[in-house]
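Engineer: Below is the sequence, then the predicted model.
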Amino acid sequence: AQSVAQPEDQVKVAEGNPLTVKCTYSVSGNPYLFWYVQYPNRGLQFLLKYITGDNLVKGSYGFEAEFNKSQTSFHLKKPSALVSDSALYFCAVSFPGTYKYIFGTGTRLKVLA
Amino acid sequence: KAGVTQTPRYLIKTRGQQVTLSCSPISGHRSVSWYQQTPGQGLQFLFEYFSETQRNKGNFPGRFSGRQFSNSRSEMNVSTLELGDSALYLCASMAREGSYEQYFGPGTRLTVT
């Protein structure tokens, strides 16, 4: 079965420190990869995507993610965390020519002041 | 541009009843997807509509159905509600074919008692 794993339910980091939210996938073919963020009582907001090209993708709010095909990973990173980055982060995959998405279970990021 | 809107925002229903949820995509967006979000299962893809046709479908029972109108507005219907249907139902629209970037609405919180 095709799946997306976010191995950490929660990540805590001090403000100003770098952050990493992990995502691995187990799918056939060459997937498209995404990160979304969800703030309380709101829908998901698109952060970034990897379709093709450079393995390092830059997105909104200073976030970036690195696609690693051999490790089937797409970890989300930010050099310096802000308290306002505290939210629920979702990794997702889709497939070329389809618009069906598989989401991970989410990782709650807590940035401590 | 106005964002994706969903109505109602909150709904309480009784087991066995049916419910209809509505989603209005961002103006000009023709693809609308529906997701069920629960604490235990995370986000699960229900279906996707494009130009009034269901293009993709997730693994949900036939009690879950949807449709899309000529103005791209979409409705989702759940018949014979079960307690396990209690969830946040999210709708997302996509700007253009090939972008794969979804814009989510705030969701409808359905509680089944």
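Structural biologist: Thanks, I have it. Numbering: from 1, shown residues only, chains lettered A, B, ... in the order given.

Engineer: all contacts plus neighbour counts: C-alpha atoms, from now on.
Structural biologist: Noted.

Engineer: Can you tell me which residues in chain A are near chain B?
Structural biologist: Contact residues, chain A versus chain B (C-alpha under 8 Å from any C-alpha of the partner chain): A:41-46, A:49, A:97-106.

Engineer: Could I have the PyMOL command that selects the buried members from those?
Structural biologist: With 16 or more other C-alpha atoms under 10 Å in any protein chain shown as the criterion, this PyMOL line picks the buried residues out of these:
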select buried, chain A and resi 43+44+45+46+49+99+100+101+102+103+104+105+106
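
Engineer: wait, what's in contact with the residue in chain B positioned nearest to chain A?
Structural biologist: Sorted by distance to chain A under C-alpha to the nearest C-alpha, the residues of chain B start with B:Pro106, at 4.2 Å. The contact partners of B:Pro106, taken as C-alpha atoms under 8 Å, 6 or more residues apart in numbering or on different chains, are A:41-44, B:4-6, B:9, B:90-91.

Engineer: One more pass at 6 Å, please.
Structural biologist: A:42-43 (C-alpha atoms under 6 Å, 6 or more residues apart in numbering or on different chains).

Engineer: Next: the one 3 residues further on.
Structural biologist: B:Arg109 sits next to B:10, B:88 when contact means C-alpha under 6 Å, 6+ apart.

Engineer: Please tell me the pLDDT value assigned to it.
Structural biologist: Per-residue pLDDT puts B:Arg109 at 96.

Engineer: How far does the stretch of helix or strand it belongs to sit from its chain's centre?
Structural biologist: Element membership for B:Arg109 (DSSP states H and E) is strand B:108-112. Mean-position distance between strand B:108-112 and its chain equals 12 Å (C-alpha atoms, centre = their mean, to the nearest Å).
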